[in-house]
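Q: Pasted the sequence and its predicted model underneath.
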Amino acid sequence: MIKLKNPYAEFQGYSCFGCSPTNPYGLQMEFFKEEEEIVCKWNPDDHFQGFHDILHGGIQSTMMDEIASWVVFVILDTAGVTYQLTTRFRKPVYISKGTITIRAKLVKQEKRIAEIEASLYDGGDKLCSESLLNYFVMPREKAVNELHFPGKDAFLK
């Protein structure tokens, strides 16, 4: 497993809710590349709960959306935006069970649409929720020039 660098963390004013390491209200997610999957290990805090000891469903969906964007960055070597997200909640994610694992991979790409699957496992490694995401993928030149996309190599350093 290769730990990925967050090259955006160096940008002034960067405060992504999902992955900024300095956003005190955010998730501060970190990512790893394992073959063709992007993986995140994340320790939930109580302030992310919905019902007592259960990770809020909106946070679960947000985490799967965030990791899917890293699939676009690292696997597809460009940037994109979510245009559809479908989440299925199978079991409650109990915060007290500890470290959560999120995994995401590219299922297919047709022209500028990437289909990505993301799965979220609780601290007992039980599948609790999963998302199917469709991303509108930008041409690499546009991602570089308009969104300051640094290229996938910047994530692998």
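A: Noted; the coordinates are in hand. A quick note: this is a predicted structure, and the numbers were derived from the prediction, not measured. Numbers count the residues shown, from 1 in each chain.
Q: SS state for the residue located most distally from the centre of the chain?
A: Of all residues in the chain, residue 52 has its C-alpha farthest from the mean position, at 24.5 Å, by CA atoms, centre = their mean. Assigned by DSSP: H, G, I helix; E, B strand; the rest coil, the conformation of residue 52 is coil.
Q: hey, where'd the helices end up in the chain?
A: 57-74, 140-147, 153-156 (DSSP state H).
Q: And those: which comes nearest residue 6?
A: helix 153-156 (7.6 Å; CB to CB). C-betas here are computed from N, CA, C, even on glycine.
Q: Off-centre distance for that closest one?
A: Relative to the centre of its chain, helix 153-156 is centred 16 Å away, using CA atoms, centre = their mean, to the nearest Å.
Q: Same check on stretch 133-143?
A: 16 Å.
Q: Now do that stretch: everything it contacts.
A: 64-65, 68-69, 72, 76-86, 109, 112-118, 146-147, 149 (CB atoms under 8 Å, 6 or more residues apart in numbering).
Q: What residues sit buried inside that stretch?
A: Under the neighbour-count criterion of 16 or more other CB atoms under 10 Å, stretch 133-143 has 133, 134, 135, 137, 138, 143 buried.
Q: JSON lines for the residues you listed, including distance to residue 19?
A: Below are those laid out as JSON lines (distance: CB to CB, whole Å):
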{"residue": "133", "distance to residue 19": "16"}
{"residue": "134", "distance to residue 19": "20"}
{"residue": "135", "distance to residue 19": "16"}
{"residue": "137", "distance to residue 19": "19"}
{"residue": "138", "distance to residue 19": "18"}
{"residue": "143", "distance to residue 19": "17"}
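Q: which of those residues lies closest to residue 10?
A: Closest to residue 10, out of all of these and judged by CB to CB, is residue 143, at 17.4 Å.
Q: Just the pLDDT at that closest one, thanks.
A: At residue 143, the pLDDT value in this model is 95.
Q: ok, now residue 62?
A: Looking at residue 62, the pLDDT reads 98.
Q: unless I'm mixing things up, it is touching residue 26, no?
A: No: the pair residue 62 and residue 26 fails to qualify as a contact (CB atoms under 8 Å) at a distance of 9.7 Å.
Q: so how far is stretch 76-89 from its chain's centroid?
A: Taking CA atoms, centre = their mean, one finds the center of stretch 76-89 at 9 Å from the center of the full chain.
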